[in-house]
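S.K.: Show me the folded form of this:
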Amino acid sequence: MAKADMLSRLINTLTKAEKRYFRLYTALQQGNKDYVNLFNMMERMSFRSTAELKQAFQQQYAGCSYEVCSKYLYKVLLDCLLHLRLQRHPTAALTAGILKCDILFERSLHEDALKQLHKAQTTASVNEKQLLHLWAQQQEMQLLQQMNFPGITEEDLLQKQSGIQQTMQTMQQIRQQTSLYETLRHHLLYRGSARTVRQQETVDALNAGMPPPVAHSATSLKVQLLFEAHYHLVTSDYPAALQVFHKLHHLLETHPVLFEDTPADHLLVIEGILDSLRAGKHYEELFSFIDKVKRLNGDSVYFDIMQQRLLFIYEAGAYIDSGNFPLALTLLQQYMPGIKKNILLMDISKQAEIYLHMTLIYLGNEDINNAHNSLEQVLQSNLYSTLPIYRTCRLVHLLIQFELGNYEYIRYETRAFRRHLQPDAKRSYLLERTVIKFLGNGEIPHVTAYRTALWKKLNASFEKIKADKYERQQLKLFDFSAWIEAKLKRKTLSAVLQEKTRL
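M.R.: Numbers count the residues shown, from 1 in each chain. You can find the predicted model right below:
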């Protein structure tokens, strides 16, 4: 990302409190403040490009260097955010406290330095900040060594060394757990849920290698539960995943300090519960939990946009599942302005998910042009092609082409699609093969008997898909069988989905 884009991103993601602090901070500074003029311009006006911004700035403030001002503004903004972080963030304050000990020692204030280090160790230990605990312990040993161990017996020394070894051992055990969790999460993000026996065996091997949690460590328990929850997601055991995510949510409520450094984990737990509820079709409980999500208060633009994303995906998703597309469209119109403004703060997987849900809402409302345009945001970029959701996007794209009557294009695309399906067994990717086989036949004859016979045959395939634990999870985002049934029975997609919901 270019420096100018980074500056723009930084300014656009500032909260009101952060902007207020920046203005107070700069008001106390002496000398030239052209960088403040640049900040005001970027905050109040929008520019299509860096070149346009640079030209406008130099026209209004002749003689000022845009490059110098932008670089200095970026530095000052980071300094302000760091100062705020030190005031409000317990981990940052603890880090600063350990750094202060060096300053105290350099000025021969040894007693106070040791006192501060002991305090830091206690705080780090209670809050399970193992890395900071180890740092404070090592700083203490270095201090004592330079002071020639005043009043320290050999037994005291061995006890302190043993404490360091114990901290390192705990860190190593948690690191081992975390490595396995990271591997499993990477698998879920870039390979998706297990679709074959071989993929199942891969995640089973990870599960077998997961050590038990460290005794009396809430951090270790948190990693253990995150791993268990993701294992159940990969294996499509949503009831079990829901139980584990509820345990994580309870841990979040009883040990909030565990999540203060990782707000993404907080959101991950919330999403895990919502995702499991939607997969299990527990919509009443889903909406109840959505109400709780709406009451959450974040302290950053990142948290706010991720909260909006969760509300849109799962509230609209429940309406998509039940065929209530008009209400889903209302939600889209409500959330999209805020989401689109900061969509680049999301990772590419979440961006693709947003565009896919927009597409499904437009498709259900029979707004084919907007459905096509929304999905093109994903299909016209190479960024998304490695994601599991990309295959679903391609399938939905073929549905849209069918709606538009582009049957020759579909035949070409289905041949290309088949080449990308490399199954480990004959039954792999049955959903994709069933859908593209239907689409490849082209326009549906008007003869009712033919349509009825074809649906009976296809429905038998979909029943097999729903009974197969490796295949049925592909229907979680969108019920392709409902769309095909609507086409063959000459009903709206909304009507078919509503009928299924009542069953």
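S.K.: For V301, give its distance to L38.
M.R.: Distance of V301 to L38, computed by CB to CB, to the nearest Å: 20 Å. C-betas here are computed from N, CA, C, even on glycine.
S.K.: more neighbours, these two?
M.R.: For the pair V301 and L38, the greater number of neighbours falls to L38 (24 against 17), based on other CB atoms under 10 Å.
S.K.: so which strand or helix has the more buried one?
M.R.: In the assignment (DSSP states H and E), L38 maps to helix 34-44.
S.K.: Could you do P239 as well?
M.R.: Following DSSP H and E, one finds P239 within helix 238-254.
S.K.: what about that helix, distance to the chain center?
M.R.: Centroid separation for helix 238-254 versus its chain: 18 Å, with CA atoms, centre = their mean, to the nearest Å.
S.K.: Which strands or helices does that helix pack on?
M.R.: Judged by 3 or more CB pairs under 8 Å, 6 or more residues apart in numbering; DSSP states H and E, the packing partners of helix 238-254 are helix 218-234, helix 263-279.
S.K.: Return it as CSV; C-alpha atoms alone will do.
M.R.: Extracted in CSV, the C-alpha atoms of helix 238-254 (Å, rounded to 0.1, in the frame of the first residue of the first chain):
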residue,chain,number,x,y,z
TYR,A,238,-22.2,-27.4,14.4
PRO,A,239,-24.1,-28.5,17.6
ALA,A,240,-20.7,-29.4,19.2
ALA,A,241,-19.2,-26.2,17.9
LEU,A,242,-22.0,-24.2,19.4
GLN,A,243,-21.5,-25.8,22.8
VAL,A,244,-17.7,-24.9,22.7
PHE,A,245,-18.4,-21.3,21.5
HIS,A,246,-20.8,-20.9,24.4
LYS,A,247,-18.0,-22.0,26.8
LEU,A,248,-15.7,-19.4,25.1
HIS,A,249,-18.4,-16.7,25.5
HIS,A,250,-18.6,-17.6,29.2
LEU,A,251,-14.8,-17.4,29.5
LEU,A,252,-15.0,-14.0,27.8
GLU,A,253,-17.5,-12.7,30.3
THR,A,254,-15.6,-14.0,33.3
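S.K.: tell me which residues of that helix are tucked away?
M.R.: By neighbour count on 16 or more other CB atoms under 10 Å, the buried set for helix 238-254 is 238, 240-242, 244-249, 251-252.
S.K.: can you pull out the strands in the stretch 401-503 of the chain?
M.R.: When assigned using DSSP state E, counting those that start in this stretch, the stretch 401-503 of the chain turns out to have no strands.
S.K.: mind checking how far A264 is from Y470?
M.R.: With CB to CB as the criterion, A264 and Y470 are 29 Å apart.
S.K.: Compare these two (neighbour count), which wins?
M.R.: Y470 (22 against 13).
S.K.: which one is the more buried one nearest to, not counting chain neighbours?
M.R.: R195 (4.9 Å; CB to CB, 6 or more residues apart in numbering).
S.K.: show me what contacts the one you found?
M.R.: Applying CB atoms under 8 Å, 6 or more residues apart in numbering to R195 gives the contacts 428-429, 470-471, 474.
S.K.: Quick check: buried residues in the helix-or-strand element of the chain with minimal mean pLDDT?
M.R.: Of all helical and strand segments in the chain, the minimum by mean pLDDT, DSSP states H and E falls on helix 407-420, at a mean of 79. By 16+ other CB under 10 Å, the buried positions in helix 407-420 come out as 410, 413-414, 417.
S.K.: go on, stretch 122-134?
M.R.: 123-125, 127-130, 132-134.
S.K.: ends of it, how far apart?
M.R.: 11 Å (CA to CA, to the nearest Å).
S.K.: State the mean pLDDT of that stretch.
M.R.: Confidence for stretch 122-134, expressed as mean pLDDT, is 94.
S.K.: Equivalent analysis for stretch 223-242, please.
M.R.: pLDDT averaged over stretch 223-242 gives 93.
S.K.: Return the set of buried residues in it.
M.R.: 223-238, 240-242.
S.K.: Run through who's touching it.
M.R.: 174, 177-178, 180-181, 184-185, 187-188, 193-194, 200, 203, 206-207, 210, 212-213, 244-245, 247-248, 251, 265, 268, 272-273, 275-277, 279-280, 469-470, 472-473.
S.K.: try stretch 362-381
M.R.: Outside stretch 362-381, the residues that touch it by CB under 8 Å, 6+ apart are 320, 323, 325-326, 328-329, 351-352, 355-356, 358-360, 384, 390, 393-394, 396-397, 399-400, 403-404, 492-494, 497.
S.K.: my guess is L38 meets C69, correct?
M.R.: Yes. L38 lies in contact with C69 (CB atoms under 8 Å); the separation is 4.7 Å.
S.K.: which residues are common contacts for these two?
M.R.: Common neighbours of L38 and C69 (CB under 8 Å, 6+ apart) are F57.
S.K.: Could you tell me which ranges of the protein sit under the pLDDT cut-off?
M.R.: Applying pLDDT under 70 to the chain picks out residues 1-4, 418-428, 503.
S.K.: and the contacts of stretch 362-381, which are buried?
M.R.: If we count by 16+ other CB under 10 Å, those have these buried: 320, 323, 325, 328-329, 351-352, 355-356, 358-360, 384, 390, 393-394, 396-397, 399-400, 493-494, 497.
S.K.: Now, these that are in strands?
M.R.: Nothing among the buried ones among the contacts of stretch 362-381 maps onto strands, per DSSP state E.
S.K.: Just those: which are in helices?
M.R.: If you go by DSSP state H, these have 320, 325, 328-329, 351-352, 355-356, 358-360, 390, 393-394, 396-397, 399-400, 493-494, 497 in helices.
S.K.: circling back: now the buried residues of helix 407-420 as a markdown table including distance to M306?
M.R.: Converted to a markdown table, these look like this (distance: CB to CB, whole Å):
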| residue | distance to M306 |
| --- | --- |
| I410 | 36 |
| E413 | 34 |
| T414 | 36 |
| F417 | 32 |
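S.K.: Show me what whichever helix in the chain runs longest is packed against.
M.R.: Identified as the longest helix of the chain according to DSSP H is helix 154-190. In terms of contacts (3+ CB pairs under 8 Å, 6+ apart), helix 154-190 is packed against helix 130-146, helix 197-208, helix 218-234.
S.K.: what would these look like in a markdown table with distance to Q58?
M.R.: What follows is the helices and strands packed on helix 154-190, written out as a markdown table (distance: least, CB to CB, whole Å):
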| stretch | distance to Q58 |
| --- | --- |
| helix 130-146 | 46 |
| helix 197-208 | 56 |
| helix 218-234 | 50 |
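S.K.: and of those, who's closest to Y25?
M.R.: Minimum separation from Y25 across those (CB to CB) falls at helix 130-146, 27.0 Å.
S.K.: returning to that earlier point: tell me how far the longest helix of the chain is from the chain's mean position?
M.R.: Using CA atoms, centre = their mean, the distance between the centre of helix 154-190 and that of its chain works out at 25 Å.
S.K.: Next, the buried residues of it.
M.R.: Buried, per 16+ other CB under 10 Å, within helix 154-190: 163, 167, 170-171, 173-174, 177-178, 180-181, 184-185, 187-189.
S.K.: next one: stretch 256-266
M.R.: For stretch 256-266, the neighbour count (16+ other CB under 10 Å) marks 258-259, 265-266 as buried.
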